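Q: what's the 3D shape of this:
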Amino acid sequence: MPRQRSDEKRTALLESAARVISRQGLASAATSAIAKDAGVSTGSLFVYFESKTVLLNALYVALRSEMGAAAAATLPTQEPVRAQIHLMWTQWLAWAVAHPDKRRALAQLEVAEEISPESHLWVDPTQRVMADLVEQARADGPLAATPLSFVMALTSAIADTTMDALIRDPAGGEERADAAFDAVWRVLAG
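A: You can find the predicted model right below:
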């Protein structure tokens, strides 16, 4: 009879994977270390994820979903696009600062060979909201004819730099976050 799977244990394994990847690096993040951090046996890890690659892809999708949900929470849809994107930006950065291990793990997973094309293409409903807002913002801007994927990569690069700076040195964070948002807005709207 197959063993019963617990959502709590699956979540604990994903949280542990993020911590271990953040602290040891992706290449050094052994499944045994992840299982130990979660307080389970390595065999139990494989009940939930049939391989390390499956675990990494599940973590990548889970972190992108969590980050997107945090960024898109409570968007005031009646407000102008700039105000909505600014709030989304602020919430995106706040998530990263509140969860530095997850942020560092996600940064490593973004460039990991183990992440499948399907996982990279996976889009959460909150990410569609973000993409729609970016499309509206750039409609008359200098990048209006540029592929959305490239525009999103540019804004993500600015966000990644800002997040890393805020995590390393939170002093003056609000001013730097606002300056970075102004740069993003100029990229989008001109």
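Q: Quick check, central residue of the protein?
A: Among the residues of the chain, R64 comes closest to the average C-alpha position under Cα atoms, centre = their mean, at 3.9 Å.
Q: What residues sit buried inside the helix or strand that contains it?
A: R64 is located in helix 52-72, with elements delineated by DSSP states H and E. When neighbours are counted by 16 or more other Cβ atoms under 10 Å, the buried residues of helix 52-72 are found to be 52, 55-68, 70-72. To be clear about C-beta, it is placed using only N, CA and C from the backbone, and glycine gets the same treatment.
Q: Now do the strands in this structure.
A: Using DSSP state E, no strands are found in the chain.
Q: where does it dip in pLDDT?
A: 1-4 (pLDDT under 70).
Q: all helices for it, in order.
A: When assigned using DSSP state H, the helices of the chain occupy the ranges 7-24, 31-38, 42-48, 52-72, 81-98, 100-110, 117-121, 125-138, 148-168, 173-189.
Q: residues in contact with the last one?
A: Surrounding helix 173-189, the residues in contact under the criterion Cβ atoms under 8 Å, 6 or more residues apart in numbering are 82, 85-86, 89-90, 93, 97, 134, 137-138, 140-143, 151, 154-155, 158-159, 161-162, 165-166.
Q: buried subset of those residues?
A: Applying 16+ other Cβ under 10 Å to the contacts of helix 173-189, the neighbour count classes 85-86, 89, 93, 134, 137-138, 143, 151, 155, 159, 162, 165-166 as buried.
Q: Please save the CA atoms from stretch 58-75 in CSV.
A: Coordinates of each C-alpha in stretch 58-75 appear next as CSV, following Å, rounded to 0.1, in the frame of the first residue of the first chain:
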residue,chain,number,x,y,z
ALA,A,58,8.8,21.9,-7.9
LEU,A,59,10.7,24.4,-5.8
TYR,A,60,11.2,26.7,-8.7
VAL,A,61,7.5,26.8,-9.5
ALA,A,62,6.5,27.1,-5.9
LEU,A,63,8.9,30.0,-5.3
ARG,A,64,7.8,31.8,-8.5
SER,A,65,4.2,31.3,-7.4
GLU,A,66,4.8,32.6,-3.9
MET,A,67,6.7,35.6,-5.1
GLY,A,68,4.1,36.4,-7.7
ALA,A,69,1.3,36.1,-5.2
ALA,A,70,3.1,38.5,-2.8
ALA,A,71,3.8,41.0,-5.6
ALA,A,72,0.2,41.0,-7.0
ALA,A,73,-1.6,41.0,-3.6
THR,A,74,-4.0,43.8,-3.0
LEU,A,75,-3.4,45.6,-6.3
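Q: Identify the residues contacting that stretch?
A: Residues beyond stretch 58-75 that count as contacts (Cβ under 8 Å, 6+ apart) turn out to be 14, 17-18, 21, 49, 84, 87-89, 91-92, 94-96, 99, 102, 105-106, 109-110, 112, 115, 119, 122, 124, 126-127, 129-130.
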